[in-house]
Every structure is written in structure tokens, then in C-alpha cells.
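Engineer: starting from these lines, generate the structure:
(one chain, ligands or ions: 1)
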Amino acid sequence: MAPNPLIEAFTNLVSRIRGLNYIDETTLKEVLREIQRVLLRADVSADVVSSITKTIEERFRQEKPPQGITSKEFLLYLLYQELVKALGGEETPNVNINKKPYRLMLIGVEGSGKTTTAAKLARFYIKRNLRVGLIETDTYRPGAYYQLKQLAEKINALFYGEEDSRDPIAILRHGLEYMQRNKVDLIIIDTAGRHRNEEELLREAKAIYEEAKPDEVMLVIDATIGRQAAAQTEAFMKYVPINSVFLTKMDSTAKAGGALTSVIRSGARIKFIGIGEDIDEIEVFNANKFVSRLLGMGDVDALIEKIKAIEEEDKIMEEIEEGKINLLTIKKQLDSMMKLGPLSKIMELLPTSMLPMQYRAVMLDEGRMSSAQEMLRKWRHILNSMTKEELLNPEVINASRIRRIAKGSGVTPKDVKELLNYYQLMKKMVNQIKKSRRRLGRLVGE
Ligand code: GDP
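Structural biologist: Model prediction:
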């Protein structure tokens, strides 16, 4: 996405937070006010803004930053999380076509970018090896027929339209027959975006809907209209059930925040965004990706990854402390370690206090770090070759299983045994810790 005013405002906000020496009562209030200003400028409605900043403030006061994370990094993380939540959460929309032929009907007002979007979608699915056909039913705007026909030729999609017809339903029927004959997998139906009045436009959309019996109705909305997107969505919803939304022109507006949050609040699901005039400038909408781009690429991404891995690590530690240890615990631990980067960095983050002194010394020895890294890589391969049963109940792993696992992961049986020894050691350690805790508990009269 090209740099746009929205991204600029948010990246400035992030640099401001990063530039703080420490966060006290005054700076916290200031930063929260700044977040409010930026969101309001992005056209997000006042109540949504207030709920986002209130939650950030509460969480900042109540939750403890994970080990190794500064309070300003934590504030950034909370900002990221609450924005993702306001944009519909972490889940990525499902854009798979699981029925053939699949009928996708596009509706939206003129100028929203509907015709361009029809071609963008066709190209998106052609690239995924589907046979795609476009039907133009707009008889109101004279240019629509040629515009879509030309775009279809450019991207090698089938096209059906009737230049001189005034009957959208007849065009639709003929178009559907033509597409079925040509064994098209995905039929995209473009509709009119303007009429003598709004009422007529909506009635026509309804008539086409009833005739086409589409598998999905996608509403195309211009993001530059900001918060008004909700009213537009609701107007269409009264006539035709809306299954998904395509927000166009996300590249050229500072009001995208308003468009996104208001559409989400109206209950519609945003599936795609348009990020430029070019036919390839289409993206599956992903709140995580959108927010991390908003807050300034890479930088925040790395922080989020780090915090997530630390949280995962903490969860595993909790499980271990509860005495639930098996090879799956070790596998999860290795996976999250790998995400955190080189071992030497991880050691700064790990709650090493859990480990006995002599073990800590070995782990922290720089010279042994790289061979340990190598060993961990091997262990991950080994764990990936194990069955769920073996991971959950390592006691079942006998000599023949060891041979199978070694073969599957390209290591020697000795390597597998080493991992199993490590597991036994961990288990013993955990039990010892639990025992000494119990003893301590008795001493202090718990
Ligand atoms: P329709 O009247 O709804 O069919 O709209 P058109 O497809 O003719 O598009 C209207 C204008 O919006 C054209 O100039 C398109 O190039 C432009 N447009 C469509 N999608 C995008 C987008 O994602 N970003 C930008 N910057 N322009 C877009």
C-alpha cells in the first residue's frame, strides 16, 4: 500500500510512544489522548474510540508486561491488540470457493469501484486456477459494458453482456446459461450502481438476487466515505442479504478507520480491500496485517511476535509447574524458543530460576550455545516425526519406535535417545521442584 495519511498519523504515534523515557500518569494520559485524536481523525466514531482507549488504559494499569518487555512496548502491544479487536479480530476471512459453479453477485453504488473490483476478483481467482466468467447486468451506465468487457479480455476471463439490452434479468439469464455451457467455476455478476432513484436501484438489486440465487452477495464500498459506510451497508441489507464486503480505495483515504469500524459494527464481514487502481491491487482483509502496517511495519511485527512467543512460553511454564510434562510440552517449548531467535537471546527471557545452578551455567556458556542450537534443531525434527500418542505418553517409545522415529527425522537412534534422556531429566527436575515447594509450603505453614 502506498504511504497514506492514515499510516503517517499512526507511525508518528508509534514513534512518539517509542521516544518516551518512561510512562507515568501524565504521559499515559497524553498518549491516550493522542491515540484518541488519531482515531477520530481516521473517522472512527467517538464511542468506538472511547471504548478502545478505555480498554487500553485499564489493561495497562491491571496487566503486567511479560518478562523482558518494557512498559512502552507493552503499551504499543495493547494498542495493537485493541485495534485488531476493533477491526473484527485475528481471524482471516475464508476466500476459498468450495462449490462449483459458484455465483458471486456484486452490489454497490456507482463510483464505488464495482466494475474494477469485479475484474480484480476475477483475476484473484484465475491466479488460483479457477475458470472465471464475468456477467455485466448494468444497463443504466452506458460505459459499463465496454469497461468490463475490456478488463475481462485483459485478464483472460470469460465475459457476457448485451450492449443494447435494457433488461438486466434477461441478460442475467442468458449470461448464466452461457457460463454454465462454458463450464465456468466462478461466475461474477456485476450490477448497476445508479438508477433514477435509490429505491429503484435497490429493487433491481433484489430482483437480480432472486433470479441469480447467488452463493454470495458482496457489497462494494468506497472507503473514502468513512463512517457513512455503515448507513450504505444497512440500506442495501434491507433489500438483499449481504454476505461480505469489499472496501475499495483503501490506499487513498485517511478515513479508512471509519469505513472499517463502521462496516464491522453493522455486522457485515470484510473480505477484501482494494489498495490501488491496478487490477492486482487487491488484498484479503486481515486485521493483524492491516494494523501492523498501520503502526509501522517490521518494528511492531517483531515486537508482537516476541510477546506472543513469551506468552506461549509462560503458558508452557505454568503447565510444567503444574506437573503436566510430556514430549508435547517440550515440543511447544522448542517451537516458541525458535520464534524468539538465537538461544543466547532466549536465555535472557527464560525464567531460568527454575533450573538448577549447574544446568544454568551450561546453558549460558557462549561456546556451547551454537552446538546447543544445532541439537535443538535436531530435536524439533525428531518431535515432528512422533505420533500424538508418543508425544503425550513418551513411555510407549520402545526400541523399534526409536528406530522408526530416527529414520523419519533423518537422525541416529542415539539422537532420539538423547532427547528422551533430556525429557526424563526435565521430568525429574519438575518433580523435585514440586516436592521442595511442598516442603517449603509445610515449613511456612501453608
Ligand atoms: P463503478 O462505477 O462502481 O463501477 O466504479 P469503477 O470501477 O468505474 O471505479 C471508479 C474509480 O475508482 C475508477 O477510477 C477506479 O480506477 C477507481 N478505483 C477502484 N478501486 C480502487 C482502489 O482500490 N484504489 C483506488 N485508488 N482507486 C480505485
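Engineer: contacting residues around the residue of the stretch 51-200 of the chain found nearest the ligand?
Structural biologist: Closest approach of the stretch 51-200 of the chain to the ligand (Cβ to the nearest ligand atom) occurs at residue 113, with a separation of 2.9 Å. The way it works is simple: take the backbone N, C-alpha and C, and place the C-beta from them, glycine included. Shown here is residue 113, whose contacts under the criterion Cβ atoms under 8 Å, 6 or more residues apart in numbering are 220, 222, 248-249, 274.
Engineer: low pLDDT regions in the stretch 101-250 of the chain?
Structural biologist: Applying pLDDT under 70 to the stretch 101-250 of the chain picks out residues 196.
Engineer: show me where it has strands.
Structural biologist: 102-107, 132-136, 158-160, 186-190, 216-222, 244-248 (DSSP state E, counting those that start in this stretch).
Engineer: out of those strands, flag the one nearest residue 401.
Structural biologist: When the strands of the stretch 101-250 of the chain are compared for distance to residue 401 using Cβ to Cβ, the nearest one is strand 102-107, at 45.7 Å.
Engineer: go through that closest one and flag the buried ones.
Structural biologist: Burial within strand 102-107, assessed by neighbour count using 16 or more other Cβ atoms under 10 Å, is assigned to 102-107.
Engineer: same question for stretch 257-269.
Structural biologist: Neighbour counts using 16+ other Cβ under 10 Å place 257-266, 268-269 of stretch 257-269 among the buried residues.
Engineer: where does the closest residue to residue 71 other than its chain neighbours sit: helix, strand or coil?
Structural biologist: Computed as Cβ to Cβ, 6 or more residues apart in numbering, the closest residue to residue 71 that is not its neighbour in sequence is residue 23, at 5.0 Å. The local conformation at residue 23, judged by DSSP: H, G, I helix; E, B strand; the rest coil, is coil.
Engineer: returning to that earlier point: compare the contacts of residue 113 and tell me which is most surrounded.
Structural biologist: By neighbour count, taken as other Cβ atoms under 10 Å, the most surrounded of the contacts of residue 113 turns out to be residue 248 (29 neighbours).
Engineer: wait, isn't that one in contact with residue 218?
Structural biologist: No. In this structure, residue 248 sits apart from residue 218 without contact. The criterion is Cβ atoms under 8 Å, and the distance is 11.5 Å.
Engineer: what residues go with each domain of this structure?
Structural biologist: Using automatic domain parsing, the domains assigned to the chain come out as 5-86, 102-285, 300-436.
Engineer: which of those is buried the deepest?
Structural biologist: Ranked by average neighbour count under the criterion mean count of other Cβ atoms under 10 Å, the domains of the chain are headed by domain 102-285 at a mean of 20.
Engineer: compute the first-to-last residue distance for that domain.
Structural biologist: 21 Å (Cα to Cα, to the nearest Å).
Engineer: which parts of the stretch 251-400 of the chain sit against the ligand?
Structural biologist: For the stretch 251-400 of the chain, the residues in contact with the ligand (Cβ under 6 Å from any ligand atom) are 251-252, 274-277, 281.
Engineer: would a markdown table of those with distance to residue 183, secondary structure and pLDDT be doable?
Structural biologist: As requested, those are arranged in a markdown table below (distance: Cβ to Cβ, whole Å; DSSP: H, G, I helix; E, B strand; the rest coil; pLDDT from 0 to 100):
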| residue | distance to residue 183 | secondary structure | pLDDT |
| --- | --- | --- | --- |
| 251 | 36 | helix | 86 |
| 252 | 38 | helix | 81 |
| 274 | 29 | strand | 95 |
| 275 | 32 | coil | 92 |
| 276 | 32 | coil | 93 |
| 277 | 32 | coil | 94 |
| 281 | 29 | coil | 95 |
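Engineer: who's in contact with residue 148?
Structural biologist: The contact partners of residue 148, taken as Cβ under 8 Å, 6+ apart, are 115, 118-119, 134, 136, 159, 161, 190.
Engineer: tell me which two in the residues you listed are the farthest apart.
Structural biologist: The span of the contacts of residue 148, defined through Cβ to Cβ, is set by 119 and 161 at 13.1 Å.
Engineer: separation between residue 6 and residue 255?
Structural biologist: Applying Cβ to Cβ, to the nearest Å, the value for residue 6 to residue 255 is 8 Å.
Engineer: need the overlap of contacts for the two.
Structural biologist: Residues touching both residue 6 and residue 255 comprise residue 42, with contact defined as Cβ under 8 Å, 6+ apart.
Engineer: give the helix, strand or coil label for residue 301.
Structural biologist: Put simply, residue 301 is helix when judged by three-state DSSP.
Engineer: what helix or strand is the closest residue to it other than its chain neighbours on?
Structural biologist: The shortest distance from residue 301 to any residue that is not its chain neighbour, by Cβ to Cβ, 6+ apart, is 4.9 Å, and that residue is residue 292. Under DSSP states H and E, the secondary-structure element containing residue 292 is helix 287-294.
Engineer: can you list the contacts of residue 148 in JSON lines and add distance to the ligand?
Structural biologist: JSON lines is the format used below for the contacts of residue 148 (distance: Cβ to the nearest ligand atom, whole Å):
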{"residue": "115", "distance to the ligand": "3"}
{"residue": "118", "distance to the ligand": "8"}
{"residue": "119", "distance to the ligand": "8"}
{"residue": "134", "distance to the ligand": "12"}
{"residue": "136", "distance to the ligand": "10"}
{"residue": "159", "distance to the ligand": "15"}
{"residue": "161", "distance to the ligand": "13"}
{"residue": "190", "distance to the ligand": "7"}
